[in-house]
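>>> Here is my input, please return the structure:
(one chain, ligands or ions: 1)
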Amino acid sequence: LRRNAGETEFHQAVEEVLESLGLVVAKHPQYMDNALIERICEPERQIIFRVPWVDDKGQTHINRGFRVQFNSALGPYKGGLRFHPSVNVGIIKFLGFEQTFKNALTGLPIGGGKGGSDFNPRDRSDGEIMRFCQSFMTELYRHLGEYTDVPAGDIGVGAREIGYLFGQYKRLTNRYEAGVLTGKGLIYGGSRARTEATGYGAVYFVDQMLKTRGESLEGKRAVVSGSGNVAIFAIEKIKEFGGKAVACSDSSGYIVDDEGIDLDLLKEIKLVRRERISEYARLKGAGAYFVEQGVVWDVPCEVALPSATQNELNGNDAATLIRNGVVAVGEGANMPCTPEAVRLFQNANILFGPAKAANAGGVATSALEMQQNASRDSWTFEETEARLAAIMRRIHDSCAETAEEYGAPGNYVLGANITGFVRVAEAMEAMGVI
Ligand code: NDP
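Model prediction:
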């Protein structure tokens with residue numbers, strides 16, 4: 001704790017994994033040798049840098065950039081960039097730590113990393129976003145490479161930002177190294193289904209969990225928090241599976257539409273016009289309403305997919321959801337449920353899919369993008385989505401089998417933590433003290 005003073009989210013993420021490891025260490029005492037667990041908790045490298053940029057009025061701003069290269073035992077560092085005013089080193093470290101185990105769970109050759117900036121992209125013009133991205137990459141490029149570190153998007157970083165970042169990387173290195181970033185546009189090396197992958201993957205995971213109880217999404221009411229990349233495509237897949245997403249949110253409040261969210265309208269507002277979620281209720285009219293600063297978890301549902309940000313669903317929210325009859329919760333965002341909320345879900349025997357497993361579809365598809373770039377190939381949407389679905393099934397099954405093996409059937413938190421940890425630990429052990 002003293003080594004990482006004030007890094008609350010990082011402590012929370014490490015504690016959650018360490019709680020699961022007692023059983024592993026009892027079975028494999030060698031993991032206590034050579035400070036393996038301590039090494040796994042220490043990032044290999046952290047880079048913090050100045051990002052100066054000039055706004056449209058000619059005024060200069062300074063933001064802070066971060067890249068935490070957490071673990072490269074299984075492959076190049078891989079993980080998104082987040083642009084949000086709340087970003088600090090503790091948040092990036094928690095995300096990088098989680099990412100290491102998540103990436104291990106995909107079974108693909110990728111290590112863990114994360115980065116970003118405290119830059120707030122809200123209400124910034126295209127030109128300002130471009131200049132910021134260019135300045136950010138002007139420092140970061142020297143730390144990246146398809147065999148070294150491969151960033152992607154996260155909160156505040158979508159296809160537009162990845163385009164500006166890639167353009168600057170190409171310019172600085174004079175190399176067309178497509179595999180250095182993922183989440184690229186289709187015209188210059190992106191993968192089909194990458195945009196949809198995290199949201200779709202989370203729904204595949206929930207579907208797999210429901211199947212273990214002989215249930216499905218058919219006819220179920222769902223609530224999804226956020227209305228960004230993950231949330232939008234989770235809502236889309238819920239509909240394809242026969243469910244009905246009735247509410248979603250942003251940081252200003254939530255909307256409810258009992259007819260089921262109109263996806264075309266939602267995409268138009270969020271992806272094209274980049275407006276607030278309240279616009280949905282205004283444009284949809286009858287049947288839909290907006291609750292300013294409301295808590296979306298107050299809306300009754302059977303399936304909940306927190307897909308906005310960390311610690312957005314607390315113990316009170318979990319109790320409300322349980323009272324209202326929730327049967328399954330899948331974490332679309334990273335660590336959206338507080339430890340108390342997770343305990344309540346587990347004690348109430350609610351199916352609970354932790355982020356490491358449930359939202360791994362995004363990074364898995366990023367790894368598929370890297371495969372396509374390496375072979376200078378481009379797969380169809382159907383082929384890529386079929387691979388994503390198979391990966392999500394494998395992740396689900398390996399978590400379920402590990403939970404069973406360690407005497408806690410149905411405990412996906414334990415299953416995900418142990419499976420991810422053992423894969424990273426075995427690779428590190430094989431490589432000596434690194
Ligand atoms: P986006 O930026 O596309 O969307 C984020 C959404 O969450 C927005 O609607 C935003 O609302 C809302 N939000 C953010 N912060 C808060 C807050 N403090 N309170 C309430 N709402 C908030 O991000 P993504 O959809 O890409 O990411 C969402 C989550 O999913 C993050 O935890 C991310 O780490 C995780 N994730 C994303 C992956 C991806 O492929 N994109 C992969 C795996 C995990 P507003 O606009 O008002 O801020």
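>>> Now do the contacts for residue 288.
For residue 288, the contacting residues are 255, 256, 257, 259, 280, 281, by CB atoms under 8 Å, 6 or more residues apart in numbering. Where you see a C-beta, it was placed from the backbone N, CA and C, and this is true even at glycine.
>>> Number of residues surrounding the residue in the stretch 151-300 of the chain that the ligand sits nearest to?
Proximity of the stretch 151-300 of the chain to the ligand (CB to the nearest ligand atom) peaks at residue 228, 1.8 Å away. The number of residues packed near residue 228 is 24, by other CB atoms under 10 Å.
>>> and if you look at residue 213?
Neighbour tally, residue 213, other CB under 10 Å: 12.
>>> next one: residue 96
27.
>>> a helix runs through it, doesn't it?
Yes - checked against DSSP: H, G, I helix; E, B strand; the rest coil, residue 96 lies within a helix.
>>> before we move on, what SS does the nearest residue to residue 82 once chain neighbours are set aside have?
Computed as CB to CB, 6 or more residues apart in numbering, the closest residue to residue 82 that is not its neighbour in sequence is residue 116, at 3.5 Å. Here residue 116 takes the strand state, with states given by three-state DSSP.
>>> Now do the contacts for residue 116.
So residue 116 contacts 65, 66, 80, 81, 82, 83, 84, 87, 92, 154, 156, 157 (CB under 8 Å, 6+ apart).
>>> how about 6 Å then?
Contact analysis of residue 116 by CB atoms under 6 Å, 6 or more residues apart in numbering lists 66, 81, 82, 83, 87, 92.
>>> Against which helices or strands is whichever helix or strand residue 247 is part of packed?
Assigned by DSSP states H and E, residue 247 belongs to strand 244-250. On a contact count with 3 or more CB pairs under 6 Å, 6 or more residues apart in numbering; DSSP states H and E, strand 244-250 meets strand 221-224, helix 229-240, strand 253-257.
>>> Now render the ones you listed as JSON lines, adding distance to residue 421.
Formatted as JSON lines, those follow (distance: least, CB to CB, whole Å):
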{"stretch": "strand 221-224", "distance to residue 421": "29"}
{"stretch": "helix 229-240", "distance to residue 421": "25"}
{"stretch": "strand 253-257", "distance to residue 421": "36"}
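>>> Quickly run through the sheet partners of the longest strand seen in the chain, with directions.
What stands out as the longest strand in the chain, according to DSSP state E, is strand 60-71. In the sheet, strand 60-71 lines up against strand 45-54 (antiparallel), strand 112-117 (antiparallel) (DSSP bridges).
>>> need the residues of this structure near the ligand, please.
Counting by CB under 6 Å from any ligand atom, the residues of the chain close to the ligand are 153-156, 198, 226-231, 250-252, 307-309, 312, 332-334, 359, 362.
>>> If we use 5 Å, what do you get?
With CB under 5 Å from any ligand atom as the criterion, the chain meets the ligand at residues 154-155, 198, 226-230, 250-251, 308-309, 333-334, 359, 362.
>>> need the contact list for residue 125.
Contacts for residue 125 (CB under 6 Å, 6+ apart) come out as residue 56.
>>> That one and residue 81, how far apart?
20 Å (CB to CB, to the nearest Å).
>>> hang on, the earlier thing: want to try CSV for the contacts of residue 116, with secondary structure as columns?
Shown next, in CSV, are the contacts of residue 116 (three-state DSSP):
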residue, secondary structure
66, strand
81, strand
82, strand
83, strand
87, coil
92, helix
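>>> My read is that residue 402 contacts residue 419, right?
Yes - counting by CB atoms under 6 Å, residue 402 does reach residue 419; the two are 4.7 Å apart.
>>> Residue 62: how many residues sit nearby?
Count around residue 62 with other CB under 10 Å applied: 10.
>>> That one contacts residue 52, correct?
Yes - in this structure, residue 62 is within contact of residue 52 by CB under 6 Å, at 5.4 Å.
>>> which residues touch the closest residue in space to residue 231 that isn't next to it in sequence?
Nearest non-adjacent residue to residue 231, counting by CB to CB, 6+ apart: residue 307, 4.2 Å away. Contacts for residue 307 (CB under 6 Å, 6+ apart) come out as 224, 225, 226, 230, 231, 234, 332, 333.
>>> List the residues that contact the fourth one.
So the one you mean is residue 230. By CB under 6 Å, 6+ apart, residue 230 lies in contact with 198, 199, 307, 332.
>>> Identify the farthest-apart pair in those.
Largest separation among the contacts of residue 230 by CB to CB: 198 and 307, giving 8.2 Å.
>>> quick one on the thing from earlier: got the strands paired with strand 60-71 as JSON lines, with mean pLDDT columns?
Output for those, formatted as JSON lines (pLDDT from 0 to 100):
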{"stretch": "strand 45-54", "mean pLDDT": "98"}
{"stretch": "strand 112-117", "mean pLDDT": "98"}
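>>> among these, which is the most enclosed?
strand 112-117 (a mean of 30; mean count of other CB atoms under 10 Å).
>>> Quick one: mean pLDDT for the helix or strand that that strand is followed by?
Per DSSP H and E, the first helix or strand lying C-terminal to strand 112-117 is helix 126-140. Helix 126-140 shows a mean pLDDT of 98.
>>> buried set for helix 126-140?
Buried residues in helix 126-140, counted by 16 or more other CB atoms under 10 Å: 128-140.
>>> Go through those residues and name the one nearest residue 289.
residue 129 (32.1 Å).
>>> quick one: contacts for the closest one?
Per CB under 6 Å, 6+ apart, neighbours of residue 129: residue 121.
>>> at 7 Å what do you get?
121, 160, 161, 164 (CB atoms under 7 Å, 6 or more residues apart in numbering).
>>> Make JSON lines from those residues and add secondary structure, neighbour count and distance to residue 170 to it.
Converted to JSON lines, the contacts of residue 129 look like this (DSSP: H, G, I helix; E, B strand; the rest coil; neighbours: other CB atoms under 10 Å; distance: CB to CB, whole Å):
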{"residue": "121", "secondary structure": "coil", "neighbour count": "20", "distance to residue 170": "22"}
{"residue": "160", "secondary structure": "helix", "neighbour count": "16", "distance to residue 170": "16"}
{"residue": "161", "secondary structure": "helix", "neighbour count": "21", "distance to residue 170": "15"}
{"residue": "164", "secondary structure": "helix", "neighbour count": "19", "distance to residue 170": "11"}
